[in-house]
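Asker: Pasted the sequence and its predicted model underneath.
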Amino acid sequence: MTETQKDPFAAAASFNAGVYGTGLRPVRAERLAEAARRLLQAAGSEEEEAAVVADHLVEANLRGHDSHGVGMLAMYMPAIAAGLLRPNRHAAVIGRFGPFLAVGGDSGYGQVIAREATELAIEQARQDGLAVLSLRDSHHIGRVGSYGEQCSGAGMVMLAFVNVVTRPAVAPHDGTRPRLGTNPICIAVPATQATPALILDFATSAVAVGKCRVAMGKGQEMAPGLLLDPQGEPTRDPGVMFQDPSGALLPLGGHKGFGLALMCDVLAGALASAMPGTPSHQDSGRVMNNMFAIVFDPARGGNAQWAADLDDLVAYVRDTPTAPGADAIQMPGEPETRTRRQRLADGIPLDGATLAMLDSLGRERGLALGDLLA
Ligand code: NAD
């Protein structure tokens, strides 16, 4: 195992705020999407692809996950130039066997490939009640919750397990060196009359790598208990994730998060895609995601009253006094909905490093994006 692999995320962490300064600036979502669309088209995407990817990235910003927002373009643009990410590719069905649906992505934009693969799974679940999706060979799919929302919006439940194949970032429980990706999990359930869609969507690491990039851009330290330095010692410095050799993120919740991260790689990597996060796959300098997902129609799950039972459960769980500092018990997905409402009204607060990065990527392609980012 080599300990000095190329880190594609480092590109996004290497920009200096320069004239944009160290504070945060609010940018309107539609202007940010327009800037991202222009960049993506200049990098070879057809109009529709540019719109899908830009909208996905800005939606991640709107929902408060800046780690998976427009900052990702700093990683995607060099990946295209290096031939590791291939624009204008589409999801292709590789095979179907009973409920199993295998889809390939031809190293295309994950935001397009995973969206199309999820649509195929939804269509199958509409017809047969169930689809077991294996998505393989897709570049980074971004915020996994967006595919959960796609399913819940279509009235379907989704359970998704994703592996991240790139330089490893997460130490195993009781380990000190990175061996696993931040392997995210998403569980999405459709809205009922009383309850908004439940969208549980998180990395199985104590924190996402992108959140270290965002903290670095803001010149902030991370909370204690999240990171190890390259010597395996606890640290709060997000920069250790972008050094060579790098530090490591700790798994979410000790052995439990480690177990979940491992199972993401077992299901999405070893079983579904033949692309587990082992050195022969991690070493390429690219960021690939494979996804194992179960998509089903809750109406065919055995309880015709599921929505009423879900509402009762949620009402009961909410009915507790809140802890000091909390104003309400929130269900998974609610913090994102709140942040989205606020950011649509006030703009998306972007740090100087991210703004400088977008500006610089634009200049390299002969685009003047300054007005859109002002
Ligand atoms: P996070 O730690 O912010 O957790 C988000 C989840 O917790 C959401 O479901 C949210 O609704 C819920 N939540 C947050 N606060 C809550 C509260 N107070 N009460 C109730 N529920 C609450 O997420 P993260 O681990 O930083 O992941 C961020 C994003 O990164 C996700 O969208 C994930 O899909 C994405 N990601 C993608 C990859 C990839 O390779 N594509 C890898 C890792 C993470």
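Answerer: Structure received. Numbering: from 1, shown residues only.
Asker: Next, the residue most central in space within the chain: phi, psi?
Answerer: In the chain, the centroid-proximal residue (Cα atoms, centre = their mean) is R143; its distance is 2.9 Å. Dihedral pair for R143: phi -80, psi 110, per degrees, to the nearest 10.
Asker: Tell me the first helix or strand C-terminal of the helix or strand hosting E49.
Answerer: Assessed by DSSP states H and E, E49 sits inside helix 47-62. Later in the chain than helix 47-62, the nearest helix or strand by DSSP H and E is helix 73-81.
Asker: Measure how far stretch 26-42 is from the centre of its chain, please.
Answerer: Distance of stretch 26-42 from the chain centroid (Cα atoms, centre = their mean, to the nearest Å) equals 19 Å.
Asker: Can you pull out the low-pLDDT segments for this protein?
Answerer: In the predicted model, the chain carries pLDDT under 70 at residues 1-6, 12-13.
Asker: rerun that using 80 as the cut-off
Answerer: When residues are selected by pLDDT under 80, those of the chain lie in 1-19, 22, 217, 283-285.
Asker: Tell me if stretch 129-138 is near the ligand.
Answerer: No - applying Cβ under 6 Å from any ligand atom, one finds stretch 129-138 out of contact with the ligand, separated by at least 9.6 Å. (Each C-beta comes from the backbone N, C-alpha and C, glycine too.)
Asker: gap between that stretch and the chain center?
Answerer: The answer for stretch 129-138 is 17 Å, by Cα atoms, centre = their mean.
Asker: One more: stretch 344-359?
Answerer: With Cα atoms, centre = their mean, you get 18 Å for stretch 344-359.
Asker: Render the CA-only coordinates of that stretch in CSV, please.
Answerer: The C-alpha coordinates for stretch 344-359 follow below in CSV (Å, rounded to 0.1, in the frame of the first residue of the first chain):
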residue,chain,number,x,y,z
LEU,A,344,-32.8,31.2,-1.1
ALA,A,345,-33.7,34.4,0.8
ASP,A,346,-30.3,35.6,1.9
GLY,A,347,-27.9,34.2,-0.7
ILE,A,348,-25.4,31.4,-0.3
PRO,A,349,-22.5,32.5,1.9
LEU,A,350,-19.3,31.6,0.0
ASP,A,351,-15.7,31.9,1.4
GLY,A,352,-13.0,33.8,-0.4
ALA,A,353,-11.1,30.7,-1.4
THR,A,354,-14.1,29.2,-3.2
LEU,A,355,-14.9,32.5,-5.0
ALA,A,356,-11.2,32.9,-6.0
MET,A,357,-11.2,29.3,-7.3
LEU,A,358,-14.4,29.9,-9.5
ASP,A,359,-12.9,33.1,-10.8
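Asker: Spit out the contact partners of S146.
Answerer: S146 is in contact with 56, 59-60, 111, 115, counting by Cβ atoms under 8 Å, 6 or more residues apart in numbering.
Asker: Not counting its own residues, what contacts stretch 80-92?
Answerer: Against stretch 80-92 from outside (Cβ under 8 Å, 6+ apart): 40, 43-46, 49, 76, 79, 103-109, 112-114, 116-117, 120, 135, 139, 284-286.
Asker: Over to stretch 300-310?
Answerer: Contacts of stretch 300-310 (Cβ under 8 Å, 6+ apart): 129-130, 157, 189, 192-193, 195, 298-299.
Asker: ditto for stretch 168-176
Answerer: Under Cβ under 8 Å, 6+ apart, the answer for stretch 168-176 is 177-183, 204-205, 209, 228, 231-232, 241, 246, 248-251, 254-255, 257-259, 261-262, 277, 282.
Asker: residues touching Q150, list them.
Answerer: Counting by Cβ under 8 Å, 6+ apart, Q150 touches 115, 118-119, 122.
Asker: Keep only those of the residues you listed that are in helices.
Answerer: Judged by DSSP state H, the contacts of Q150 include 115, 118-119, 122 as members of helices.
Asker: quick one: terminal-to-terminal distance for stretch 250-267?
Answerer: 21 Å (Cα to Cα, to the nearest Å).
Asker: Please shift the residue numbers so they start at 12 in all later answers.
Answerer: Noted, 12 is the first residue going forward, which turns the last one into stretch 261-278.
Asker: Buried ones in that stretch, by neighbour count?
Answerer: 261-263, 268-269, 271-278 (16 or more other Cβ atoms under 10 Å).
Asker: got the contact list for T129?
Answerer: Residues near T129 by Cβ under 8 Å, 6+ apart: 144, 158, 161-162, 169, 304, 306.
Asker: That one and the ligand: what is the separation?
Answerer: Per Cβ to the nearest ligand atom, to the nearest Å, T129 is found 13 Å from the ligand.
Asker: if I look at that residue, how far off is Y31?
Answerer: 36 Å (Cβ to Cβ, to the nearest Å).
Asker: and if you look at G159?
Answerer: 33 Å.
Asker: Neighbour count for those two, which is higher?
Answerer: Set side by side, G159 and Y31 show more neighbours around G159, with 29 against 22, by other Cβ atoms under 10 Å.
Asker: my read: that one touches D212, true?
Answerer: Yes - between G159 and D212 a contact is recorded at 5.9 Å, counting by Cβ atoms under 8 Å.
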